[in-house]
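Trainee: Let's see this in three dimensions:
(one chain, ligands or ions: 2)
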Amino acid sequence: MHLPAETDTAAADAGLAWNHRFAALGTDFYTELRPTPLPAPHWVGTSSAVARLVGLDPDWLTSDAALQAFAGNTLLPGSRPLATVYSGHQFGVWAGQLGDGRAILLGETAQGWEIQLKGAGRTPYSRMGDGRAVLRSSIREYLCSEAMHGLGVPTSRALCITGSAAPVQRETVETASVVTRVARSFVRFGHFEHFAARDLADPLRTLADYVVDRYYPECRASAAFGGNPYAALLNAVSERTARLMAQWQAVGFCHGVMNTDNMSILGLTIDYGPFQFLDAFVPGHICNHSDTQGRYAYNRQPNVAYWNLFCLAQALLPLIGDAELAQDALESYKTVFPAEFMARMRAKLGLASARDGDAALIDGILDLLARNAVDYPIFWRRLSHAVQAGDFEPVRDLFADRAAFDRWLLSYSELLALYGRAPAALLMLKTNPKFVLRNHLGEQAIRAAKLGDFSEVQTLLRLLERPFDEHPGHDAYAAFPPEWASSIEISCSS
Ligand code: AMP
Ligand code: MG
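Mentor: Ligands and ions are numbered 1, 2, ... in the order given. A predicted model of the protein is given here:
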């Protein structure tokens, strides 16, 4: 492994103050190491919004010093790079030890944001992997992190991408890239599973105490679950995960690899791989070409999340000490998910509160969307404008079965009248985005980037950061997917 020279650090002074609270947990949890330098790096994209968030000067972020630091060639002064160890269930099967095979945590900024380089070279947890990430998957992660944030969905964020001509072997030879991502914590369900599977009670407790004290302090004081803070933690994670799933389902997001090592203890969307936003509403859609069984199909996500929470419950059981209590702590998932999902869907319909008949209306439209394979984002945006203008023809045009749509519209109009069209439209236009990161949009940006044109990445970023705005002149980015979009195959290869 090439280690950056100590003297290189001086060139990369971002003026960041660091905390190292994860590192303070001790070496049971990670291995300290240096990133592997990326030869002759260049910028692919930078986000000034995320720079400001973590306490970095956005102007500095575009400097050569920043480029070298975020390519892994110099160390930011005060950073303390490490790779963490975790295990997990992949596609429903215990996979044993995994860990950060290509992600390197630099530490935590004074504002409490952890900064991670993804694709920065081999670690002790790389197994057969090369520790690298390719340009294509880094662009997808970068854009989707910011798109999800723009939609109001909890997610890790992306600060920047660097690229290089260095070859990386996948199905074909591609080029290396490093995406810098940011989150309050990158702790996964799999971190807990790792220590539980090895009967390592002390580090398991250390990790749980760290997560409770740092991120869920209310669990320490809670009288619920017999005052058991670990059961309270499991309950809090279940509820956050339920809310996250409700948001994924409502925006039409498919994650693609919901392995327990890709589940955030904070209920964030993390580890963007073969994800996809639905074009046509196909409930059984499988976005991951490697997922031959459809385990992670769009309509299975809520159940898979519960299955994953069950794995977390088993891992926390030695701390909770009572299987019934652990089961109770999971229970709320079953009420929070449907309640949150209904609330999200009501908002999409412009219904600001619950009323009799709304559940049937939601079931009815989802069934119609599925039977007519209607484009999901376009339907909701058109419906929002239709409610605003009082003209439903453009929405009706989306359905092959117009009579069925007309019947639904009749009931919808009755309910809508109770709320008023104007306030409903206002709610809908900030709930139903004009711009989503459809596969073909990402693909176009990737194709241009492979030819050295990164402008499309930044254009998309601008649109997706504010997906509810109209962005005049950019309607092509809100149009139906082209014919070739359905032939895009995204696999786990990244
Ligand atoms: P993922 O499916 O991307 O969540 O990755 C599953 C596991 O494989 C994690 O432990 C990753 O760190 C590891 N991994 C994936 N790709 C690579 C790679 N190119 N080099 C090293 N480790 C990798
Ligand atoms: Mg992962």
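Trainee: residues touching the residue of the stretch 301-450 of the chain found nearest ligand 1, list them.
Mentor: Using C-beta to the nearest ligand atom, the closest approach of the stretch 301-450 of the chain to ligand 1 is made by residue 308 at 13.2 Å. From N, CA and C alone the C-beta is placed, and that goes for glycine too. Contact analysis of residue 308 by C-beta atoms under 8 Å, 6 or more residues apart in numbering lists 89, 189, 241, 258, 260, 263.
Trainee: moving C-terminal of the host helix or strand of it, what's the next helix or strand?
Mentor: If you go by DSSP states H and E, residue 308 is part of helix 301-320. The C-terminal neighbour of helix 301-320 among helices and strands, as given by DSSP H and E, is helix 323-331.
Trainee: In terms of secondary structure, what does the helix or strand just after that following helix contact?
Mentor: Counting by DSSP H and E, the next helix or strand C-terminal to helix 323-331 is helix 333-348. Helices and strands touching helix 333-348, by 3 or more C-beta pairs under 8 Å, 6 or more residues apart in numbering; DSSP states H and E, are helix 229-251, helix 301-320, helix 358-371, helix 421-429.
Trainee: do that again at 10 Å, thanks
Mentor: Secondary-structure packing of helix 333-348 (3 or more C-beta pairs under 10 Å, 6 or more residues apart in numbering; DSSP states H and E): helix 229-251, helix 301-320, helix 358-371, helix 376-389, helix 421-429.
Trainee: Residue 401 and residue 368 touch, don't they?
Mentor: Yes: counting by C-beta atoms under 10 Å, residue 401 does reach residue 368; the two are 7.3 Å apart.
Trainee: neighbour-wise, which of these two wins?
Mentor: It is residue 368, of residue 401 and residue 368, that has more neighbours when counted by other C-beta atoms under 10 Å, with 19 against 12.
Trainee: Quick check, that one in contact with residue 383.
Mentor: No: taking contacts as C-beta under 10 Å, residue 368 lies outside contact range of residue 383: 11.8 Å.
Trainee: if we can go back for a sec, now the common contact residues for residue 401 and residue 368.
Mentor: Common neighbours of residue 401 and residue 368 (criterion: C-beta atoms under 10 Å, 6 or more residues apart in numbering): 407-408.
Trainee: what's the neighbour count on the residue in the chain positioned nearest to ligand 2?
Mentor: Closest residue of the chain to ligand 2, C-beta to the ion: residue 271 (3.8 Å). Residue 271 sits with 23 neighbouring residues when counted by other C-beta under 10 Å.
Trainee: Residue 475 now?
Mentor: Neighbourhood size, residue 475 [other C-beta under 10 Å]: 10.
Trainee: sec struct for residue 108, please.
Mentor: strand (DSSP: H, G, I helix; E, B strand; the rest coil).
Trainee: Would you check that it makes contact with residue 80?
Mentor: Yes: counting by C-beta under 10 Å, residue 108 does reach residue 80; the two are 9.5 Å apart.
Trainee: Neighbour count for the two, which is higher?
Mentor: Between residue 108 and residue 80, counted using other C-beta under 10 Å, the more crowded position is residue 108 (23 against 17).
Trainee: how about the residues of the protein near ligand 2?
Mentor: 262, 271 (C-beta under 5 Å from the ion).
Trainee: related to what we said a few turns ago, so which of the contacts of residue 308 are in strands?
Mentor: Members of the contacts of residue 308 lying in strands (criterion: DSSP state E): residue 89.
Trainee: Now tabulate the contacts of residue 308 in a markdown table and tack on pLDDT, distance to ligand 1 and neighbour count.
Mentor: Output for the contacts of residue 308, formatted as a markdown table (pLDDT from 0 to 100; distance: C-beta to the nearest ligand atom, whole Å; neighbours: other C-beta atoms under 10 Å):
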| residue | pLDDT | distance to ligand 1 | neighbour count |
| --- | --- | --- | --- |
| 89 | 98 | 12 | 21 |
| 189 | 99 | 12 | 27 |
| 241 | 98 | 17 | 26 |
| 258 | 98 | 10 | 25 |
| 260 | 98 | 10 | 28 |
| 263 | 98 | 10 | 28 |
